[in-house]
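>>> sequence first, then the predicted structure:
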Amino acid sequence: MVKVALFVRLRAKPGKEEEVKGFLESAVALANRETTTPVWFALRMGPATFAIFDAFAGDAARQAHLAGDIARTLMAEAPRLLAETPKIEMVDVLAAKLPAG
């Protein structure tokens, strides 16, 4: 069961929207390798606005994810691709419906 999550807002620099989209689409491969990240979504909220939502069983898994490959790669690419620093919100999951697995 997931108890905590991250919601990360991303705003692409003008002309970098498709690169941000491609980065997020490719990042799912990294998310799939993280055994403690059962829920991971890359979202497009508007022409230049994107987000990542991921959820975890507890804070240790969330902190491990924040120190992992996706976060490291995103922060390295942020100055080139993003108009502002990613806005990382730590949130609690109140209820969830996940596929049986």
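Structure's in. What do you need?
>>> contacts and neighbour counts: CA atoms only from here.
Will do.
>>> for residue 33, grab phi and psi.
For residue 33, the backbone dihedrals (degrees, to the nearest 10) come out as phi -80, psi -10.
>>> ugh, typo on my part, it should be residue 4
Residue 4 adopts backbone torsions of phi -130, psi 160, taken as degrees, to the nearest 10.
>>> list the contacts of it.
By CA atoms under 8 Å, 6 or more residues apart in numbering, the contact set of residue 4 is 55, 56, 57, 58, 59, 62, 90, 91, 92, 93.
>>> look up how far residue 45 lies from it.
The gap separating residue 4 from residue 45 is 22 Å, by CA to CA, to the nearest Å.
>>> can you list contacts of the one helix or strand residue 77 maps to?
Applying DSSP states H and E as the criterion places residue 77 in helix 69-81. Applying CA under 8 Å, 6+ apart, the external contacts of helix 69-81 come out as 12-13, 16, 19-20, 27, 30-31, 65-66, 84-86.
>>> I'd like those as CSV, with distance to residue 38 and neighbour count appended.
Below are the contacts of helix 69-81 laid out as CSV (distance: CA to CA, whole Å; neighbours: other CA atoms under 10 Å):
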residue, distance to residue 38, neighbour count
12, 26, 22
13, 30, 18
16, 29, 16
19, 25, 14
20, 23, 24
27, 14, 19
30, 12, 11
31, 9, 20
65, 11, 22
66, 14, 14
84, 28, 13
85, 25, 12
86, 22, 18
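>>> ok, the closest residue to residue 11 other than its chain neighbours to residue 81 distance?
Spatial nearest neighbour of residue 11, chain neighbours left out: residue 49 (4.7 Å); criterion: CA to CA, 6 or more residues apart in numbering. Computed as CA to CA, the residue 49 to residue 81 distance reads 12 Å.
>>> who has more neighbours out of those two?
Using other CA atoms under 10 Å as the criterion, residue 49 and residue 81 rank with residue 81 on top: 22 against 17.
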